[in-house]
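J.: Here is my input, please return the structure:
(2 chains)
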Amino acid sequence: MLIGLGIGLALADSSVVTLALPDILREFDVEIPQVAWVLTSYNLVLALSAVPAAYAARRRPVIAFVLGTLVFAGASLACGLAPSFGALVGARCVQALGGAVLVCAALDLLTEVVGSDGSAVRTWALAGVIGAALGPAVGGILTETLGWESIFLVQAPLALVTLLACWRLRVRPLVEPAGRPNLGANLALLLVSGALTAALFLLVLLLVDGWRIPAAAAGIVVTVMPAAAIATSAVASRFGGLVTRSACGCILIAGGLTALGVLPGSAWWWTIAPQILVGVGLGLTLSALTERALHGRSPQAVHGGWTIAARHAGVVVGLLLLTPVFTTALDRNEDRALRAGAAAVLDSSIPPLDKLGVAQDVLALVRAADREVPDVRRAFDDRPDDAEYRTLEEQLVSELDRAVTAAFSRPFLLAALLALAALVPIFLARREPSL
Amino acid sequence: MKAVTPLLACIAVSVGLAGAYVAFGGLSYEPTAVADPCAPRPQRETTGTGERIEVVLLAAADETACELGVSREDLVLALRSVDELDDLAEREGRSRDDLEDALRAGLVRAVDEAEKDDLIGSSTAGALTFAAERLPLGLLLSVLRGASSFLD
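T.: Got it, this is the predicted structure:
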């Protein structure tokens, strides 16, 4: 349980700050492509260090787990107290390094605790799925109630508690040479993780920045996905073998992402059904692919390291691929919405000689937002509270909401393609003898 | 259970949801259409000086935008400052002088037509024509932005 908590914490960190990004963006006065590095840096370092960390951890798993946890806890504190954006990103890199060591060492510890490789892998994979899926929701609620720093400050003591699991635990070091990694399963993990980045990162941006839903409320909305993932994990084996579960999961993730790419309206309830599909897909595919990558392979920690590297490389690919697609679409749609908004102002029935003033106040807000989604309601703060102004305000907000929702369409559809692409390595490697 | 059954079920659910969303209007985003500034607009009833001035200014914006080949909305948004007007000129491959000439000419034509249609009186028309022809561009834009305080 405690070891699972450590794994969950480290893997939740790849997405836990998603809902805090708008607050971090404002606090450090950075733009969307820059703020994405709070996520990207963690995932990049985790991807690069997971396999070397696994090799190091297998010689002395208990010591590696303790050291990894201490580094993770210390870096979490540093993140929460970071005085600048650069310091935050630097601390995130160190945090990822600690996380890589603790997650890989945890697999050997679990084998000792639960008694078999198979059970250890299932527990390890499930802890990872729960951590990654719950991350955004927990992060959003903490951000709204205690501030974004609390996400990191809460993690430090929780991580230290997991050290109790090492009390009197002895694990036999494994020094046998590691076989080659399961290329198909790891490649599929990479692609599907890239797709899931869209589900977590872009959905949160859409809710909070696009539709201006408070972070705590958005956190509650996105709990649908982890709830579906956790519920599915409990019954996943009924869906068939590892190949079938992996493929079913990818199809459902692609379906959910496609639905997010064609949302008919700008309201949170439209995201519920797609989230259920993505959550069920997540519950089916991540654990199945992880089990598949580790099936019959030894030492477990090294192959576990490969799965961590693949998953987080996928997150990085997703972030690097989808962020520019999204910001470009947002810029283009914002220009079109601005022109349509100006037409709405000029043709409205507000006092005629205030029209130019309103149009230009809205334009000033758009320019000041600087690649964020502007809050056009502020243009009406100092204007009369009568029907003509309210009608125009609603018209402008609706125009902008539609433009923003449409701007998210292309990245969600691109992410759906990534999920479908994961089917290729899954089916190509389906004849592996270990399955 | 054959392996293909859950696969087909997942495909059906995924296609069904995406299809339903498209049927509800999912792929239909188009911003509200912006009218052609060269096409005549429907006549509006005007009740006061403010609304009459608005009609004249919007007609001037239409005349100028039509001549420059831009939308009335792009032109109005560019009237925020001389710099914005320069940006518009650059985007359209024109010089600042082209834009300034078109703006002054459009305003004078719209004022003439409004006076002929008895929409505004001769003194208001004279003041607007004077502003259009004589005021430096920066001051003219200030007058257009703050027209209410002068003329209402």
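
J.: Need the residues that contact stretch B:106-120.
T.: B:46, B:52-53, B:55-57, B:59-65, B:67, B:121-122, B:125, B:128-129, B:131-133 (Cβ atoms under 8 Å, 6 or more residues apart in numbering or on different chains). To be clear about C-beta, it is placed using only N, CA and C from the backbone, and glycine gets the same treatment.

J.: among these, which ones are buried?
T.: B:46, B:52-53, B:55-57, B:59-65, B:67, B:125, B:128-129, B:131-132 (16 or more other Cβ atoms under 10 Å in any protein chain shown).

J.: Of those, which ones also sit close to chain A?
T.: Among these, the residues within reach of chain A (Cβ under 8 Å from any Cβ of the partner chain) are B:Ile53, B:Leu57.

J.: Which ones among the buried ones among the contacts of stretch B:106-120 map onto helices?
T.: B:52-53, B:55-57, B:59-65, B:67, B:125, B:128-129, B:131-132 (DSSP state H).

J.: The longest helix along chain A: what's the following helix or strand?
T.: As assigned by DSSP H, the longest helix anywhere in chain A is helix A:300-346. Next helix or strand after helix A:300-346 toward the C-terminus (DSSP states H and E): helix A:355-369.

J.: relative orientation of that following helix and helix A:300-346 in degrees?
T.: With axes from the mean of the first three to the mean of the last three Cα atoms, to 10 degrees applied, the angle from helix A:355-369 to helix A:300-346 works out at 160 degrees.

J.: The helix or strand following helix A:355-369 - contacts with which helices or strands?
T.: Using DSSP H and E, the next helix or strand after helix A:355-369 towards the C-terminus is helix A:387-407. With contacts taken as 3 or more Cβ pairs under 8 Å, 6 or more residues apart in numbering or on different chains; DSSP states H and E, helix A:387-407 sits against helix A:300-346.

J.: Give me the angle between the helix it packs on and helix A:387-407.
T.: Using the same axes, to 10 degrees: helix A:300-346 against helix A:387-407 is 150 degrees.

J.: Helix A:300-346 close to chain B?
T.: Yes - interface with chain B: helix A:300-346 contributes A:Asn333, A:Arg336, A:Ala337, A:Leu338, A:Arg339, A:Ala340, A:Ala342, A:Ala343, A:Ala344, A:Leu346 (Cβ under 8 Å from any Cβ).

J.: Domains in chain B, by residue range?
T.: B:1-30, B:49-151 (automatic domain parsing).

J.: Just checking the distance from the longest one to the centre of its chain.
T.: Per Cα atoms, centre = their mean, to the nearest Å, the displacement of domain B:49-151 from the mean C-alpha position of its chain is 12 Å.

J.: Show me what the mean pLDDT comes to for that domain.
T.: For domain B:49-151, mean pLDDT is 77.

J.: again, but for the shortest one
T.: For domain B:1-30, mean pLDDT is 85.

J.: For chain A, tell me whether that domain is touching it.
T.: Yes - using Cβ under 8 Å from any Cβ, we find that domain B:1-30 touches chain A at B:1, B:3, B:6-7, B:10-11, B:13-15, B:17-18, B:21-22, B:24-27, B:29.

J.: Sitting in helices, which of those residues do you find?
T.: B:Pro6, B:Leu7, B:Cys10, B:Ile11, B:Val13, B:Ser14, B:Val15, B:Leu17, B:Ala18, B:Tyr21, B:Val22.

J.: about what we covered before: between which two of the residues of helix A:300-346 next to chain B is the distance greatest?
T.: A:Asn333 and A:Leu346 (20.3 Å; Cβ to Cβ).

J.: for chain A, which spans come out with low pLDDT?
T.: A:1, A:114-115, A:117, A:165-178, A:296-300, A:352-353, A:367, A:369-373, A:430-435 (pLDDT under 70).

J.: Spatially central residue in it, please.
T.: A:Ser15 (3.7 Å; Cα atoms, centre = their mean).

J.: Roughly how far does that residue sit from A:Thr223?
T.: Using Cβ to Cβ, to the nearest Å, A:Ser15 is found at 13 Å from A:Thr223.

J.: Please apply the same query to A:Cys104.
T.: Taking Cβ to Cβ, one finds A:Cys104 at 29 Å from A:Thr223.

J.: next one: A:Arg245
T.: 23 Å.

J.: try B:Leu79
T.: 48 Å.

J.: cool, and A:Leu319?
T.: Taking Cβ to Cβ, one finds A:Leu319 at 22 Å from A:Thr223.

J.: How about A:Val94?
T.: From A:Val94 across to A:Thr223, the span is 29 Å (Cβ to Cβ).

J.: Which helix or strand contains residue 113?
T.: I'll assume chain A. helix A:85-114.

J.: wait, I meant chain B there
T.: Short version, using DSSP H and E: B:Glu113 is in helix B:96-116.

J.: Give me every residue in the stretch 151-300 of chain A lying close to chain B.
T.: Taking Cβ under 8 Å from any Cβ as the criterion, the stretch 151-300 of chain A approaches chain B at residues A:239-241, A:243-244, A:247-248, A:251-252, A:254-256, A:258-259, A:262-265, A:270, A:273-274, A:277.

J.: can you rerun that using 10 Å?
T.: A:238-241, A:243-245, A:247-265, A:270, A:273-274, A:276-277, A:280-281, A:284 (Cβ under 10 Å from any Cβ of the partner chain).

J.: now, which of the residues you listed lie within helices?
T.: A:243-245, A:247-261, A:273-274, A:276-277, A:280-281, A:284.

J.: tell me the contacts of A:Ala310?
T.: Going by Cβ atoms under 10 Å, 6 or more residues apart in numbering or on different chains, A:Ala310 touches A:47, A:50-51, A:181-183, A:185-193, A:289-290, A:293.

J.: Look through chain A and state the residue closest to chain B.
T.: Taking Cβ to the nearest Cβ, chain B has its nearest neighbour within chain A at A:Gly255, 2.2 Å off.

J.: hang on, that residue packs against B:Gly16?
T.: Yes - using Cβ atoms under 10 Å, A:Gly255 makes contact with B:Gly16 at a distance of 8.4 Å.

J.: neighbour count winner among these two?
T.: Using other Cβ atoms under 10 Å in any protein chain shown as the criterion, A:Gly255 and B:Gly16 rank with A:Gly255 on top: 28 against 12.

J.: which ones are touching the more buried one?
T.: Applying Cβ under 10 Å, 6+ apart, the residues contacting A:Gly255 are A:273-274, A:277-278, A:280-281, A:416, A:419-420, B:10-18.

J.: Skipping adjacent residues, who's closest to it in space?
T.: Nearest-residue entry for A:Gly255: B:Ser14, 2.2 Å, with adjacent residues in sequence omitted and distances by Cβ to Cβ, 6 or more residues apart in numbering or on different chains.

J.: residue contacts, that neighbour?
T.: With contact set as Cβ under 10 Å, 6+ apart, B:Ser14 has these partners: A:248, A:251-259, A:274, A:277, A:281, A:416, A:419-420.

J.: Common neighbours of A:Ser15 and A:Thr223, please.
T.: By Cβ under 10 Å, 6+ apart, the residues touching both A:Ser15 and A:Thr223 are A:Ala133, A:Leu134, A:Pro136, A:Ala137, A:Val138.

J.: report the angle between the axes of the host helix or strand of A:Glu27 and helix A:85-114?
T.: Element membership of A:Glu27, judged by DSSP H and E, is helix A:21-28. Interaxial angle, helix A:21-28 versus helix A:85-114 (the same axes, to 10 degrees): 140 degrees.

J.: Which positions in the next helix-or-strand element following helix A:21-28 come out as buried?
T.: Next helix or strand after helix A:21-28 toward the C-terminus (DSSP H and E): helix A:32-35. Using 16+ other Cβ under 10 Å as the test for burial, helix A:32-35 gives A:Ile32, A:Val35.
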